[in-house]
Each structure stands twice: as structure tokens, then as C-alpha cells.
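Trainee: Fold the stuff below for me.
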Amino acid sequence: MSIFVGNLPFAVTQDDLREVFAEYGTVKRVSMPTDRQTGRVRGFAFVEMGTEAEENAAIEALDGATWMGRDMRVNKAKPREERRPFGDSWLSNSRFSRQR
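Mentor: Numbering: from 1, shown residues only. From the prediction side, this is the model:
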């Protein structure tokens, strides 16, 4: 499981996050998604800790905490939802779709 960290300033780095979360245990991985077109970080990240107890401690301590001028949102990451294939729309699965 991993932790979702939201409302991050765009200037934050993986090393910054690693340093903050290391106070609560072993940081196994930090992932900061970037915008495909601009390459700029998107203002959120995922942090994976060594144990669930460490994750819970970090969430408890950091959710709502002000860091770098922003109130962080820190909680358990939800599983990624499966996306529909590109171009698939509600029309293709409805009574309005074209007859072939």
C-alpha cells in the first residue's frame, strides 16, 4: 500500500518528501507524477513506507500539516481505477450507437 500526498507546492522534490516522511520510518519509494505536456509536477505524490504502521504514523502526523506554505493532504492511496480505452464513449455502448 502507499500514501497519497496532495496539495503540494510545485517546487517540492522527491528528496524533500523523502526527508519529511523519513521521520516516521523507512521510505521505500517516492513517486511524483508529471504533466505529459509540460513535464511539470502535478502537485501530488505517492510515498511508500516500509510497514503499514509507519504509513499510519506518517498519515496521522502529516495530514493537514502546513508545509512549505500549504496544508498537506495525506491519506492511504486508493487503487487506480481502470480506464476505458481511448475513443470509447457512452455513445458506443448505448442505443444511439451507429448500426453497422
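Trainee: E60: how many residues sit nearby?
Mentor: 10 (other CB atoms under 10 Å). All C-beta atoms are positioned from the backbone trio N, CA, C, and that covers glycine.
Trainee: Is it in a helix, a strand, or coil?
Mentor: helix (DSSP: H, G, I helix; E, B strand; the rest coil).
Trainee: Now for the nearest residue to V47 once chain neighbours are set aside, how many residues are close by?
Mentor: Computed as CB to CB, 6 or more residues apart in numbering, the closest residue to V47 that is not its neighbour in sequence is I3, at 4.6 Å. Using other CB under 10 Å, I3 has 25 neighbouring residues.
Trainee: and what of the one 10 residues further on?
Mentor: For T13, the neighbour count with other CB under 10 Å is 12.
Trainee: Identify the residues contacting D71.
Mentor: D71 is in contact with N7, G64, A65, counting by CB atoms under 8 Å, 6 or more residues apart in numbering.
Trainee: Next up, phi/psi of it, please.
Mentor: Main-chain torsions, D71, degrees, to the nearest 10: phi -90, psi 110.
Trainee: and the gap between it and G64?
Mentor: 6 Å (CB to CB, to the nearest Å).
Trainee: try A57
Mentor: According to CB to CB, A57 and G64 sit 15 Å apart.
Trainee: Quick check on the two: which one has the bigger neighbour count.
Mentor: Neighbour count, other CB under 10 Å: between A57 and G64, A57 has more, with 16 against 10.
Trainee: Remind me which helix or strand the more buried one belongs to.
Mentor: helix 52-62 (DSSP states H and E).
Trainee: quick one: the very next helix or strand once past that helix to chain centroid distance?
Mentor: With elements assigned by DSSP H and E, the helix or strand that comes after helix 52-62 is strand 66-67. Distance, stretch centre to chain centre, for strand 66-67: 17 Å (CA atoms, centre = their mean, to the nearest Å).
Trainee: List the neighbouring strands of strand 66-67 plus their orientation.
Mentor: Strand pairing for strand 66-67, determined by DSSP bridges: strand 70-71 (antiparallel).
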